[in-house]
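Q: mind looking at a prediction? Sequence and model below.
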Amino acid sequence: MEVVAPVPPVTRVPTTRRYLMCPPRYFAVNYSINPWMDPSQPVSAERALAQWTELRDTYRRLGHTVEEIEPRPGLPDMVFAANSGTVIDGRVLGSRFRAEQRAAEAEHFRRWFVEHGYRDVVMPTKINEAEGDFAWTGRELLAGTGFRTDPEAHAEAQEVLGVPVVSLRLTDPRYYHLDTALFVLAEATDTTRAQIAYYPDAFSPGSRRVLARLFPDAVLADADDAACFGLNGVSDGRNVVLPLEATTLAARLADRGYVPYHVDISELRKAGGGPKCCTLEIRK
Ligand code: ARG
């Protein structure tokens with residue numbers, strides 16, 4: 001009998017992160033700006049806050065720093081902090097929302113950055129939903145368009161942040177932000193390329209080819225993992241925070257040496273959000 005020794009998984013090295021989050025004290029679904037939001041369904045702000053608190057505490061247990069911004073009444077989606085800024089090397093590119101219902105969030109976040117000592121804060125002139133549509137690989141900024149962020153905002157981000165931008169087209173309305181269809185597992189280093197996970201069917205054929213070319217060793221997610229917001233994960237290079245239901249994806253990640261941590265985001269998903277949507281990363 002032939003015995004094949006299992007290949008030991010690579011040891012992944014985490015790096016400590018700094019996140020900005022907004023507690024969902026005024027959480028509600030009272031308008032619909034994506035296919036997940038159904039204002040006729042009951043929503044519990046209390047349950048949303050409990051799930052959010054568990055997410056925040058998971059980050060803290062993993063050794064990350066979590067800053068909090070005060071939520072505002074009348075802005076039920078403010079919990080989705082990822083949509084309010086893209087921060088690379090301490091440079092902040094704020095946001096400009098497509099939906100009028102969320103427009104006022106941008107200014108609250110701009111003020112937070114200014115009050116916390118960020119000198120280089122630029123507000124975009126084009127529709128720009130920040131990390132909802134921008135994913136930093138350590139080498140380039142992957143940028144989604146198709147539903148929210150204007151393609152011209154990609155050029156603006158490249159100019160303001162001074163990083164190369166790769167435009168990707170989203171085609172499935174359920175995956176209306178890039179961060180619902182793709183996330184970075186491990187950033188690029190001087191000698192290695194970044195590793196990402198994504199759901200190919202959420203992208204146009206050309207964008208799929210771009211992703212396959214740039215990330216030949218990506219972890220591909222299936223339809224079920226995408227539908228539970230499994231691609232809305234948050235990785236520190238080793239530990240990956242994922243929705244409870246993303247079981248196939250979690251197994252694939254474990255095979256590659258990552259350690260999955262599951263959180264219940266069922267209440268937040270009613271607004272079309274998951275772990276990453278709640279999490280704006282502040283990169284010094
Ligand atoms: N209800 C919010 C919206 O449609 C959800 C935002 C989710 N955020 C994200 N980064 N995908 O704008």
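A: Nice, thanks for sending it over.

Q: which stretches of the stretch 1-150 of the chain form helices?
A: Counting by DSSP state H, counting those that start in this stretch, the stretch 1-150 of the chain has these helices, from start to end: 45-61, 105-115.

Q: flag every buried residue along the longest one.
A: For helix 45-61, the buried set under the neighbour-count rule, 16 or more other Cβ atoms under 10 Å, comprises Arg47, Ala48, Leu49, Gln51, Trp52, Leu55, Arg56, Thr58, Tyr59. C-beta here means a position set from N, CA and C on the backbone, and glycine is covered the same way.

Q: now the fourth one: how far from Pro76?
A: As defined by Cβ to Cβ, to the nearest Å, Gln51 lies at a distance of 15 Å from Pro76.

Q: ok, and the closest non-adjacent residue to the closest residue to the ligand within the stretch 151-284 of the chain?
A: Each residue of the stretch 151-284 of the chain has a distance to the ligand, by Cβ to the nearest ligand atom, and the smallest belongs to Cys277, at 3.2 Å. With Cβ to Cβ, 6 or more residues apart in numbering as the criterion, Cys277 has its nearest non-adjacent residue at 4.3 Å, and that residue is Phe80.

Q: still on that earlier bit, of all the helices of the stretch 1-150 of the chain, which lies closest to Thr180?
A: Within the helices of the stretch 1-150 of the chain, the stretch nearest Thr180 is helix 45-61; the backing value is 16.4 Å (Cβ to Cβ).

Q: which helices and strands does that closest one pack with?
A: Counting contacts by 3 or more Cβ pairs under 8 Å, 6 or more residues apart in numbering; DSSP states H and E, helix 45-61 packs against strand 18-21, strand 65-68, strand 239-243, strand 259-263, helix 266-269.

Q: what is the mean pLDDT for that helix?
A: Averaged across helix 45-61, the pLDDT comes to 98.
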